[in-house]
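**Student:** Would you be able to build a 3D model of this:
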Amino acid sequence: MMTVAQIVGDNLRQARRAKGLTQQKVAEAMNKYQSDYSDYERGLIQLDYDKIVFLCKMFDITPNELFSFD
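**Tutor:** Presented below is the predicted three-dimensional model:
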């Protein structure tokens, strides 16, 4: 069974790809290293509230979509 962080990471990856963005571009927008952002998508690091809001706005998705457990 996947953890919440892994589900969120998968949803981040899908949303990023749907926008045609690279991990590097997203990481730069967040003032992070690409490897740090990659850890979010792999579910190794949980996002804080500010990052959730930032990424939802960047990818034009809602927090509900980000946390969807389909």
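**Student:** who are the neighbours in contact with Q46?
**Tutor:** 4-5, 8 (Cβ atoms under 8 Å, 6 or more residues apart in numbering). C-beta coordinates here come from the backbone N, C-alpha and C atoms, glycine included.
**Student:** and if we set it to 10 Å?
**Tutor:** When contacts are counted by Cβ atoms under 10 Å, 6 or more residues apart in numbering, Q46 touches 3-5, 8-9, 39-40, 52.
**Student:** One more: L47?
**Tutor:** 5, 8-9, 12, 40, 53-55, 66 are the contacts of L47 under Cβ under 10 Å, 6+ apart.
**Student:** okay, these in a markdown table with distance to A29, pLDDT and neighbour count next?
**Tutor:** A markdown table is the format used below for the contacts of L47 (distance: Cβ to Cβ, whole Å; pLDDT from 0 to 100; neighbours: other Cβ atoms under 10 Å):
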| residue | distance to A29 | pLDDT | neighbour count |
| --- | --- | --- | --- |
| A5 | 21 | 92 | 16 |
| V8 | 18 | 95 | 23 |
| G9 | 17 | 96 | 22 |
| L12 | 13 | 97 | 24 |
| Y40 | 13 | 97 | 23 |
| V53 | 13 | 97 | 12 |
| F54 | 8 | 98 | 15 |
| L55 | 9 | 98 | 23 |
| L66 | 16 | 95 | 17 |
